[in-house]
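# Give the three-dimensional model of this entry:
(one chain, ligands or ions: 2)
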Amino acid sequence: MARPSRLIPLTFAVSALIACGAAPVVSALPLPTPTAFPVQLVTVDTPTRQHKALLQTLGLDLTEHAGHDYVEVVLHRAADAEALRAAGLTHTVRIPDLTRREAENNRTNATFAAANATTALPSGRNAYRTLAEFNADMAALAADHPTLVKQITLNRRSLDGREVKGVEIGRNVTAAEDGRPVFVMLGVHHAREWPSGEHAMEFAVDLAKGYGDDPRITALLDQARVVVVPVVNVDGFHLSRTDGALIDLREADGGGTASILGTPGNAYKRKNCRVIDGQNTPDGTCAAASATSPGGYGIGTDLNRNYGGFWGGPGASDLGADPTYRGAGPFSEPETENVRELVSSRQVTTLITNHTFSNLVLRPNGVAPDTIGQDGLPVGNAPDEEGMKALGARMTAQNGYSNQHGWELYDTTGTTEDWSYNATGGFGYTFEIGPDEFHPPFPKVIDEYLGAGAYAGKGNREAYLIALENAVDRATHSVVTGKAPAGATLRLRKTFATPTWSSSVSDTLDTTMVVGPTGRYTWHVNPSTRPVVQSRQIRTLAGEPTKSETTTGTTAPLASTDTEFVVDRPASVMEVRLDWVTPDDFDLEVYRKAADGTLTLVGSSGNLPGEKERVLLQDPAQATYVLRVLNYAAVSPTWTITASLFDATTSMTGGLVEAWTLTCERAGRVLQTIPVVVERGQQVKADLRTCATAWSKG
Ligand code: 0X9
Ligand code: ZN
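Numbering: from 1, shown residues only. Ligands and ions are numbered 1, 2, ... in the order given. As a prediction, this is how the structure comes out:
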């Protein structure tokens, strides 16, 4: 076994705590029964990517709360803590008993609601909504604003038989599609992440109330349609939201009755209600099925690993009981299929999917650029990296979150924007709302939405508005214009193969608009060429190193040996390879040595026994490096270490051009079909004279 954290000083744990401003939660409540393992939130030290990679193999319930040297993890059972220990990963407990924390939060929420009949939120709400309240609020919003807000029901019911609802907001919303760009906001893919639905819903209320009153909102809703689906995972959310109350009951009972204590909490459930792959869950049975599988475990597919984009790749599990179970196949779940069909039937130029927690705005890709994809080439950065990073920065200036790539936390594949961005080209972001809890006391939800402290008056409200402004900004999408018969239906269609990790899935985008009475149309659309086939820059190492040194040595059991290597010239990559003959267990660590002799760990490799070790450093600073060989075997084996410097050449790969198929239709009859190639930021005119001629002939 590798023991990657052996040399990690305790200060890592301490600095991780300071870095995220977390304070240990102290509670005066009675402890749960001593035999029960209290569900805990812990900070695991991961000073290198190898540590993160190792942590990901353990099947634990990782949160997205992670930094360069730590990942927060929910431990559900004693075996989870043991798995960390066996892997040699150290951790610090952050919330020693999540169940008790839940009870505290419930009590805080009840006190807050009792003391504040209304709040500064657009809706004035003072407490988390239940699923029924989300649905009722959406119905009320549509009823109150009949020409601005319309209720929508997504195509598929959930596994437990529920409808999945949303609202569409925009000027004259009930009229036919008229070519406006669409902004999509999603919440609650993960059951326990309640604020993600609250913020989506509050934004919908904000927009509806602001129309006709706030000039900025009015202009935006004149130019765009906004689709908000606050709760994607309706079954999981309902369980989580109602189980929170169950725990409260136990608390009120002064320690709990046997029956209530015997009901495992689903307040921290993550996944959906899939019990058996390929089989529907009999309606109304999810609660019973989940009763033995609280938290991230047991039944369910992780909806944020089930999308088609790179489905089946790193950062997702193929084991049904794991928190990041990717499901039986891409889009195997009705909830992800719902979002797929929603996004495939409209021109969604910007999408935000909300989660909790960590104060992050994440953008594609979900895996690091040097990851080798199915084409055998590095995945690289998204072709729209520059634009998406810039918009991310403008949003994080409002909420104080960190603007970063998804992979900078940990690898993921099959996430919402892995698919939506790569299939449609619409900018896609994950918001991780709030600093430190999946569903914190409600006042925190208000602060994150409206902004507090240095961000007062900004917050996610302002970040979302900026995203909506991006959705209508011609510079970041494409425009097709021209003349066509008034009343004609125009259709843009595209069918293609979306790459999964090792195969592909067929996607069809099919969107329409109806030409207005002037006969002139302007259609805001996504670029015709998908990001995933666009040209991208990759770095290839030169075959021969510019410098290389090899050393051979022997290291006694449980000892280490240092050698030095000097980087004395500019280089793109420094590679250190450790090799040995016997199937023994070595680890390799690479340190940079400062002028005063202090060492900074810059890379490490702790593979499983028998695997050779390799460390790669990008653009290594010119300095002396210490290469440390650690022997975990019972014998004194001989090893060979080779350190080399390489130059890299930059080249472009890919570079396909794709077209939309534009048809002009009358009552379902196609009068003209033409291909349309349009780039991001470009406006093209489509010539539909043939359609006009055919139309005039009737
Ligand atoms: O793991 C996830 O699905 C997200 N974190 S959470 O705790 N809310 O479950 C993070 C996903 C990050 N990566 C991408 N969206 N690409
Ligand atoms: Zn989430």
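# Could you identify the helix or strand that succeeds the lowest-mean-pLDDT helix or strand in the chain?
None of the helices or strands of the chain scores lower by mean pLDDT, DSSP states H and E than helix 11-19, at a mean of 24. Using DSSP states H and E, the next helix or strand after helix 11-19 towards the C-terminus is strand 40-45.
# can you give me the mean pLDDT across that next one?
The pLDDT scores in strand 40-45 average 89.
# Show me what it packs onto, helices and strands only.
Applying 3 or more Cβ pairs under 8 Å, 6 or more residues apart in numbering; DSSP states H and E, one finds that strand 40-45 makes contact with helix 11-19, strand 70-75, helix 78-86, strand 91-95. Where C-beta positions appear, they are placed from N, C-alpha and C, glycine not excepted.
# got the angle for it vs helix 78-86?
Strand 40-45 and helix 78-86 are oriented at 10 degrees to each other (axes from the mean of the first three to the mean of the last three Cα atoms, to 10 degrees).
# Quick one: name whatever helix or strand follows strand 40-45.
Taking DSSP H and E, what comes next after strand 40-45 is helix 49-56.
# Up against ligand 2, what does the stretch 301-450 of the chain have?
Counting by Cβ under 5 Å from the ion, the stretch 301-450 of the chain comes close to ligand 2 at residue 355.
# which residues are there in the stretch 301-450 of the chain that come within reach of ligand 1?
304, 355, 362, 366, 406, 409, 412, 415, 417, 418, 430, 432 (Cβ under 6 Å from any ligand atom).
# Can you tell me the element the fourth one falls in?
To tie it back to what came earlier, the one meant is residue 366. Going by DSSP H and E, residue 366 is not in any helix or strand.
# Measure how buried it is and give me the count.
Using other Cβ atoms under 10 Å, residue 366 has 29 neighbouring residues.
# Quick one: residues contacting it.
310, 315, 406, 407, 411, 412, 413, 415, 418 (Cβ atoms under 8 Å, 6 or more residues apart in numbering).
# shouldn't the fourth one be in contact with residue 367?
Okay, so that is residue 407. Yes - the pair residue 407 and residue 367 qualifies as a contact (Cβ atoms under 8 Å) at a distance of 5.2 Å.
# neighbour count winner among the two?
Between residue 407 and residue 367, residue 367 has the larger neighbour count (other Cβ under 10 Å), namely 24 against 21.
# how close does that one sit to residue 406?
8 Å (Cβ to Cβ, to the nearest Å).
# joint contacts of the two?
Contacts common to residue 367 and residue 406, judged by Cβ under 8 Å, 6+ apart, are residue 412.
# Pull the contacting residues for residue 396.
361, 402, 403, 463.
# quick one: what helix or strand has the third one in it?
In the assignment (DSSP H and E), residue 403 maps to strand 402-405.
# Kindly report the same for residue 644.
According to DSSP H and E, residue 644 maps onto strand 638-646.
# Give the next helix or strand downstream of that strand.
Next along from strand 638-646, by DSSP H and E: strand 648-653.
# elements contacting the next helix or strand after that following strand?
On the C-terminal side of strand 648-653, the nearest following helix or strand under DSSP H and E is strand 660-666. Using 3+ Cβ pairs under 8 Å, 6+ apart, the elements in contact with strand 660-666 are strand 489-499, strand 669-676, helix 689-696.
# Now name the helix or strand holding the residue most central in space within the chain.
Central residue of the chain (Cα atoms, centre = their mean): residue 430, 4.8 Å from the mean position. Assigned by DSSP H and E, residue 430 belongs to strand 427-433.
# quick one: strands adjacent to that strand?
Sheet pairing for strand 427-433, assigned by DSSP bridges, gives strand 348-356 (parallel), strand 360-363 (antiparallel).
# distance between the helix or strand just after the last one and the chain's centre?
Secondary structure here is assigned by DSSP H and E; on that basis, the next helix or strand after strand 360-363 toward the C-terminus is helix 385-399. Relative to the mean C-alpha coordinate of its chain, helix 385-399 is positioned 16 Å out (Cα atoms, centre = their mean, to the nearest Å).
# follow-up on the earlier one: which residues sit against the next helix or strand after the strand holding residue 403?
Downstream of strand 402-405, the next assigned helix or strand under DSSP H and E is helix 416-424. Residues outside helix 416-424 that contact it (Cβ under 8 Å, 6+ apart): 186, 189, 304, 307-310, 339-340, 343-344, 348, 351, 353, 363-366, 382, 384, 406, 412, 426-430, 496, 498-499, 507, 509, 526, 530-532.
# Distance from helix 416-424 to the middle of the chain?
The chain centre lies 11 Å from the centre of helix 416-424; the measure is Cα atoms, centre = their mean.
# and that helix with strand 348-356, angle?
Note on geometry: by the same axes, to 10 degrees, helix 416-424 and strand 348-356 are set 170 degrees apart in direction.
# measure whichever residue of the stretch 101-250 of the chain sits closest to ligand 1 to residue 599 for me?
Taking Cβ to the nearest ligand atom, ligand 1 has its nearest neighbour within the stretch 101-250 of the chain at residue 190, 5.0 Å off. Distance of residue 190 to residue 599, computed by Cβ to Cβ: 40 Å.
# Which of these two has more residues huddled nearby?
Using other Cβ under 10 Å as the criterion, residue 190 and residue 599 rank with residue 190 on top: 29 against 15.
# Could you list the contact residues of the stretch 51-200 of the chain toward ligand 2?
By the rule Cβ under 5 Å from the ion, the part of the stretch 51-200 of the chain lying against ligand 2 is 190, 193.
# Repeat the analysis, applying 8 Å as the threshold.
Residues of the stretch 51-200 of the chain lying close to ligand 2 by Cβ under 8 Å from the ion are 64, 189, 190, 193, 196.
# Whatever residue of the stretch 301-450 of the chain ends up closest to ligand 2: neighbouring residues, count only.
Here the residue of the stretch 301-450 of the chain nearest ligand 2 is residue 355; by Cβ to the ion that distance is 3.2 Å. Using other Cβ under 10 Å, residue 355 is surrounded by 26 other residues.
# what stretches of the chain score poorly on pLDDT?
Residues of the chain meeting the criterion pLDDT under 70: 1-36, 49, 64-68, 244-265, 291-298, 582-585, 605-612, 633-634.
# Thanks again, I'm all set now.
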